[in-house]
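Novice: can you look at this prediction? I've put the sequence above it.
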Amino acid sequence: MLSRLAVLSTRSIATSRVALGSQETVKLWIDNKPVESKTNKWIDLTNPATNEVIARVPQATQQEMQAAVESCKRAFHSWKNTSILTRQQTMFTLQALIRRDLKKLAENITMELGKTLPDSEGDVIRGLQVVEHACSAATLLLGETMPNISKDMDTYSLRLPIGVTAGITPFNFPAMIPLWMFPLSLVAGNTMVLKPSEQDPGVCMMLMELAKEAGVPDGVVNVVHGTHDSVNFICDNPDIQAISFVGSDQAGKHIYTRGSKNGKRVQSNMGAKNHGVIMPDANKETTLNQLTAAAFGAAGQRCMALTTAVFVGESRKWIPDILEKAKKLRVDVGWKPDTDIGPLISPAAKNRVLGLIKSAKKEGANVILDGSNCVVKGFENGNFVGPTIITGVKPSMTCYKEEIFGPVLCIVEVETLDEAIDLINRNPYGNGTAIFTTNGITARRFTNLIDVGQVGINVPIPVPLPTFSFTGSRGSFIGDQNFYGKAGLNFYTQLKTVTQFWRSEDASPEAKPQLAFPQLK
Ligand code: NAD
């Protein structure tokens, strides 16, 4: 299966990689063409299940990044003047092509990131939903009109593109997050430079090929690769008007500060620590199944993973049951059909998670299930960590304070709903939270009092569809306009108002100049 995956992946991104000895290089994407970088700085792209190097990713040179921006600038002049129908139809075609290639895209994600194949398909599908949303841009971009705002005077507003935009994306949703960005930016009439994660850029390159096939003209979307230097280039380049960022706190705060200082609009989605509150009246089986999936799915590498279970009162009796469910999860390579948990993205990520499990033991918590020594037969070099459950967790512990980003569930016990609410509201993050209960009054109290941007009632991962926006709050987001939904299009557009005056008296031959300051009536 590995070799089949490798072959498929190579074939499907054949135009974006070139053979280089036994390895391949990932190319830049400029003017709808794969471009071989002239850099001498390369990053190894590995398969997390084996740590074999499957390709090398360039750190683009300053000239190459400048070429990408110049290409976006050139393309903007004609793209912004294409009709909204043309841009919308391009998105219709793109969504059909992504659906056509769903399996290939998912296979690439599994190879470069390690997720299970069904989870990789989910990654693509949740991004595809934003493309589908972009297909209704003609309605979403409507301005407002007020006729007769004064006598013979009308005012109307226009939502216009802002120019060259940029997107910087994380490793954990390599299809979904680029798809949160470029379809909406483009359908609004902008152009975009994308900088995907250097850890798994393959699927983004495949999406570029599909965008070209869908009819996106040359230069409307370009891709550069790299790490800090490319990010700083984007923050400083005077021709880039806006930056969409999704990733860790450190990078997000840096990009927000540096980009804003340079006068850019920035939206920055960052890290998380999501709590699930289990009430004693919850439906036990459903709740524990949902909790298990939300804590350990994608090996915990989701910003909306439910990583902290807050058992309220008598519900603590169910802790042994969740332990049993977690023990049954199968850790293996992502391309096997019965795998529940794949590898982590890198040895560094694995070491970080192992360090946090160790810190929990040292700080007095109980590691009742320890996946630290997990080995998958035949894939001994992979970055595997087994499901891990830590009980007796206190807010002062490192494992509670840090985002773990691994298959680790921290369990906190409290006596009342209000104690749970207080705990969650004291946590600096506000990405997501969930309550499991059969009591509407409890759910309503939780919803009203909780200070977290995305709330689930018996929904463990409450990420809204693009009719709404992704509304993480507090420490999980900096900016004014959220990703996708109406806010997403507002981010990628600027408002212009036009006030027009067609005096009815002007039709009369007796009309005279009015020198007094106009008082609108
Ligand atoms: P990351 O911050 O390491 O990388 C994200 C992007 O920023 C990459 O393109 C990377 O090259 C660049 N980058 C990394 N460090 C940088 C630095 N110091 N300065 C400038 N640029 C830098 O994030 P990651 O490890 O790829 O992704 C995981 C993180 O993303 C987690 O914290 C997760 O919670 C978060 N995330 C958040 C959301 C959300 O919507 N809130 C969604 C997905 C992931």
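Specialist: Received the coordinates, thanks.
Novice: tell me the contacts of the residue lying closest to Leu354 once chain neighbours are set aside?
Specialist: Leaving aside its chain neighbours, Leu354 sits nearest to Ser372 (5.3 Å; criterion: CB to CB, 6 or more residues apart in numbering). From N, CA and C alone the C-beta is placed, and that goes for glycine too. By CB atoms under 8 Å, 6 or more residues apart in numbering, Ser372 lies in contact with 354, 357-358, 385-386, 388.
Novice: got the phi and psi for the closest residue to the ligand within the stretch 201-350 of the chain?
Specialist: Nearest residue of the stretch 201-350 of the chain to the ligand: Gly247, at 2.7 Å (CB to the nearest ligand atom). Dihedral angles phi and psi of Gly247 (degrees, to the nearest 10) take the values phi 170, psi -150.
Novice: tell me the contacts of it?
Specialist: With CB under 8 Å, 6+ apart, Gly247 has these contacts: 168-170, 197, 269-270.
Novice: what residue is smack in the middle of the protein?
Specialist: Most central in the chain under CA atoms, centre = their mean is Ile177, positioned 3.8 Å from the mean C-alpha point.
Novice: from what I see, it and Pro183 are in contact.
Specialist: No - here Ile177 does not reach Pro183: they are 11.7 Å apart, not a contact under CB atoms under 8 Å.
Novice: just the strands in the stretch 51-200 of the chain please.
Specialist: 52-58, 145-150, 153-161, 164-168, 191-195 (DSSP state E, counting those that start in this stretch).
Novice: between these, which one is closest to Glu413.
Specialist: strand 164-168 (39.1 Å; CB to CB).
Novice: got CSV for the strands of the stretch 51-200 of the chain, with mean neighbour count, distance to the ligand and mean pLDDT too?
Specialist: Formatted as CSV, the strands of the stretch 51-200 of the chain follow (neighbours: other CB atoms under 10 Å; distance: least, CB to the nearest ligand atom, whole Å; pLDDT from 0 to 100):
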stretch, mean neighbour count, distance to the ligand, mean pLDDT
strand 52-58, 19, 10, 96
strand 145-150, 12, 35, 95
strand 153-161, 16, 24, 97
strand 164-168, 27, 5, 98
strand 191-195, 27, 6, 98
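Novice: TSV please, covering those and showing distance to Pro518.
Specialist: Formatted as TSV, those follow (distance: least, CB to CB, whole Å):
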stretch	distance to Pro518
strand 52-58	59
strand 145-150	9
strand 153-161	10
strand 164-168	38
strand 191-195	40
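Novice: who wins for proximity to Glu121 among these?
Specialist: strand 52-58 (20.5 Å).
Novice: now the helices for the stretch 1-150 of the chain?
Specialist: With DSSP state H, counting those that start in this stretch as the criterion, the stretch 1-150 of the chain has helices at 2-12, 62-79, 84-100, 102-113, 117-134, 137-140.
Novice: rank these by mean pLDDT and give me the bottom one.
Specialist: Least confidently modelled of the helices of the stretch 1-150 of the chain is helix 2-12, at a mean of 40 by mean pLDDT.
Novice: grab the nearest non-local neighbour of the closest residue to the ligand within the stretch 51-200 of the chain.
Specialist: The ligand sits closest to Pro170 of the stretch 51-200 of the chain, with a gap of 3.1 Å, by CB to the nearest ligand atom. On the basis of CB to CB, 6+ apart, the spatially nearest residue to Pro170 that is not a chain neighbour turns out to be Gly247, at 4.0 Å.
Novice: need the pLDDT of the one you found.
Specialist: 98.
Novice: go on, Ala14?
Specialist: 33.
Novice: what's the answer for Pro509, then?
Specialist: Reported pLDDT for Pro509: 74.
Novice: now Gly247: how far from Lys328?
Specialist: Distance, Gly247 to Lys328, using CB to CB, to the nearest Å: 33 Å.
Novice: what helix or strand is the nearest residue to Pro178 once chain neighbours are set aside located in?
Specialist: Leaving aside its chain neighbours, Pro178 sits nearest to Cys204 (5.0 Å; criterion: CB to CB, 6+ apart). Cys204 is part of helix 202-214 when elements are defined by DSSP states H and E.
Novice: in stretch 77-93, what counts as buried?
Specialist: 79-80, 84, 87-88, 90-91, 93 (16 or more other CB atoms under 10 Å).
Novice: write out the residues of the stretch 351-500 of the chain neighbouring the ligand.
Specialist: Residues of the stretch 351-500 of the chain lying near the ligand by CB under 6 Å from any ligand atom: 403, 405, 431, 470, 472, 476.
Novice: 5 Å instead?
Specialist: Gly472 (CB under 5 Å from any ligand atom).
Novice: helices of the stretch 351-500 of the chain, residue ranges please.
Specialist: Counting by DSSP H, counting those that start in this stretch, the helices of the stretch 351-500 of the chain are 398-401, 417-426, 440-449, 485-491.
Novice: now these in CSV, with mean pLDDT?
Specialist: CSV is the format used below for the helices of the stretch 351-500 of the chain (pLDDT from 0 to 100):
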stretch, mean pLDDT
helix 398-401, 98
helix 417-426, 98
helix 440-449, 98
helix 485-491, 96
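Novice: mean neighbour count for those helices - can I get that in a markdown table?
Specialist: Below are these laid out as a markdown table (neighbours: other CB atoms under 10 Å):
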| stretch | mean neighbour count |
| --- | --- |
| helix 398-401 | 19 |
| helix 417-426 | 18 |
| helix 440-449 | 14 |
| helix 485-491 | 20 |
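Novice: can you add distance to Phe379 and give those helices back as TSV?
Specialist: Compiled in TSV, the helices of the stretch 351-500 of the chain are given as follows (distance: least, CB to CB, whole Å):
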stretch	distance to Phe379
helix 398-401	27
helix 417-426	37
helix 440-449	42
helix 485-491	39
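Novice: what is the end-to-end distance of stretch 187-197?
Specialist: End-to-end distance for stretch 187-197, by CA to CA, to the nearest Å: 23 Å.
Novice: now stretch 169-185
Specialist: 15 Å.
Novice: same deal with stretch 223-230?
Specialist: 11 Å.
Novice: just stretch 504-514 next, same as before
Specialist: Span of stretch 504-514 from end to end, CA to CA: 14 Å.
Novice: ok, and what's touching it?
Specialist: 152, 503.
Novice: what residues does the stretch 201-350 of the chain put near the ligand?
Specialist: Neighbours of the ligand within the stretch 201-350 of the chain, by CB under 5 Å from any ligand atom: 227-228, 231, 246-248, 251, 254, 269, 271-272, 303.
Novice: pull out the buried members of those residues.
Specialist: By 16+ other CB under 10 Å, these give 227, 231, 246-247, 251, 254, 269, 271-272, 303 as buried.
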